[in-house]
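Novice: Dropping a prediction and its sequence here:
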Amino acid sequence: MEERLLAILRLALRSKATDIHFTQRGSEIIIEMRVENHLRRVKSAFQDEKLLRYLQYLSNLDVGNVLSPQTGQFEMEVDGVTLSLRFAVIHSYRFTNAVLRILNSSLKIEASRLSSITEQNELFASLMKLPYGLILFSGPTGSGKTTSIYALLESVKDKKIFTIEDPIEVYHDGFVQLQVNESLGFGYHEGVKQILRHDPDIILIGEIRDEKAARIAVTAANTGHLVLSTIHASTASSCVSRMSDLGVKEEHLYEILVCLSGQRMMIEKGSGKRRVLYEIMDQEEIAYFRQYGRNSPSFQSLSRQIEEGRREGLFEEN
């Protein structure tokens, strides 16, 4: 089983896959990899049914529990590289579905090269020098929000950085990283409360997805800390309405917002390289949006960037 898993992981790394999907119906197992937002079928092997149980064992899951969804994590060395892996499994009436996510165990992206637009990189760099405020990143799953944030944090020197995440996707020896554990009552809200007692300079909240996390993010920024987080919103400006939906008063939000960012992952035609497009609202554009309810004239939306890029034949959306 270990050799079969190693072979699949090697293929995933070569293909730059982010997830490996398993679908079981009876004794049949279908394995697919998500590569550039498309699923690619993996040639099956006779032992794949046992592989599914082996993954549950490695993840410390209860193999006999077919009633509740389960998630676990483990590490595995592949050709000298230690991978951090998260395995989730759920059972339905006729199927078992599982996914093995390859978490980013290392990061080699410089903040100065996040965007192809120099002014955007300069803005990102200036944000990390601020003493306090709230920075929100939005975009669909797989658009690289966590990668963007960690590249920015990597550029910071001589500051105490704490993170609270679910899961921890990038391991960093220079940060104090906490893992959410809802079963023990340790969520984002409780995690940030504990972090605030340790005199942090910068706090990363993995995701704002409920009212408690939204309120504690605003509180942390209001008490003199620079807070970065991700939120599910379709555009940079819609982060405001999303936070409002989660119970944050807009007047309180505008007091501490220093940047809103939306991003999309694109694929360059010809080379197949991934490229991230950003729409960024700085404090001036946030103030304009607050007053007029629309983006400032200098603000270039993602939809316009994508449309222009496609018209010029530069890339296609991932």
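Specialist: All right, it came through fine.
Novice: mind listing the strands for the stretch 101-250 of the chain?
Specialist: 133-138, 161-165, 176-179, 202-208, 226-231 (DSSP state E, counting those that start in this stretch).
Novice: between the last one and strand 161-165, how many degrees?
Specialist: Just to be clear, that refers to strand 226-231. Orientation check (axes from the mean of the first three to the mean of the last three Cα atoms, to 10 degrees): strand 226-231 against strand 161-165 gives 20 degrees.
Novice: Now do strand 226-231 and strand 202-208, the angle between them.
Specialist: Relative orientation of strand 226-231 and strand 202-208, computed by the same axes, to 10 degrees: 10 degrees.
Novice: for the second one, same thing?
Specialist: Orientation check (the same axes, to 10 degrees): strand 161-165 against strand 202-208 gives 10 degrees.
Novice: okay, the strands of the stretch 101-250 of the chain in a markdown table with distance to R275 and mean neighbour count next?
Specialist: Where you see a C-beta, it was placed from the backbone N, CA and C, and this is true even at glycine. As requested, the strands of the stretch 101-250 of the chain are arranged in a markdown table below (distance: least, Cβ to Cβ, whole Å; neighbours: other Cβ atoms under 10 Å):
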| stretch | distance to R275 | mean neighbour count |
| --- | --- | --- |
| strand 133-138 | 17 | 24 |
| strand 161-165 | 25 | 23 |
| strand 176-179 | 28 | 16 |
| strand 202-208 | 24 | 24 |
| strand 226-231 | 20 | 24 |
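Novice: Bridged to the closest residue to Q24 other than its chain neighbours, which residues?
Specialist: Nearest in space to Q24, with sequence neighbours left out and distances taken as Cβ to Cβ, 6 or more residues apart in numbering, is T96 at 4.1 Å. Beta bridges link T96 to Q24, H91, judged by DSSP bridges.
Novice: List the residues that contact T96.
Specialist: Counting by Cβ atoms under 8 Å, 6 or more residues apart in numbering, T96 touches F22, T23, Q24, R25, L52, V66, V89, I90.
Novice: which intervals of the stretch 1-150 of the chain have sub-threshold pLDDT?
Specialist: The stretch 1-150 of the chain contains residues with pLDDT under 70 at 37, 104-108.
Novice: how close does P200 sit to S155?
Specialist: 17 Å (Cβ to Cβ, to the nearest Å).
Novice: scratch that, Q47
Specialist: For Q47 relative to S155 (Cβ to Cβ), the value is 45 Å.
Novice: before we move on, what about A214?
Specialist: Using Cβ to Cβ, we find A214 at a distance of 26 Å from S155.
Novice: Repeat that for V192.
Specialist: 23 Å.
Novice: More neighbours: which of these two?
Specialist: Neighbour totals were compared for V192 and S155, and V192 leads with 24 against 14 (other Cβ atoms under 10 Å).
Novice: Could you list which residues are in contact with the closest residue to that one other than its chain neighbours?
Specialist: Spatial nearest neighbour of V192, chain neighbours left out: I216 (4.5 Å); criterion: Cβ to Cβ, 6+ apart. Counting by Cβ under 8 Å, 6+ apart, I216 touches Y188, H189, V192, K193, I205.
Novice: Determine which two of those residues are furthest apart.
Specialist: K193 and I205 (11.8 Å; Cβ to Cβ).
Novice: Enumerate every residue touching S115.
Specialist: N121, F124, V276, Y278 are the contacts of S115 under Cβ under 8 Å, 6+ apart.
Novice: Pretty sure the third one sits against R264.
Specialist: The one in question is V276. Yes: counting by Cβ atoms under 8 Å, V276 touches R264, with 7.1 Å between them.
Novice: shared neighbours of those two, which are they?
Specialist: With Cβ under 8 Å, 6+ apart, V276 and R264 have common neighbours S143.
Novice: okay if I get the strands of the stretch 101-250 of the chain as TSV plus distance to T71?
Specialist: Compiled in TSV, the strands of the stretch 101-250 of the chain are given as follows (distance: least, Cβ to Cβ, whole Å):
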stretch	distance to T71
strand 133-138	24
strand 161-165	14
strand 176-179	12
strand 202-208	15
strand 226-231	19
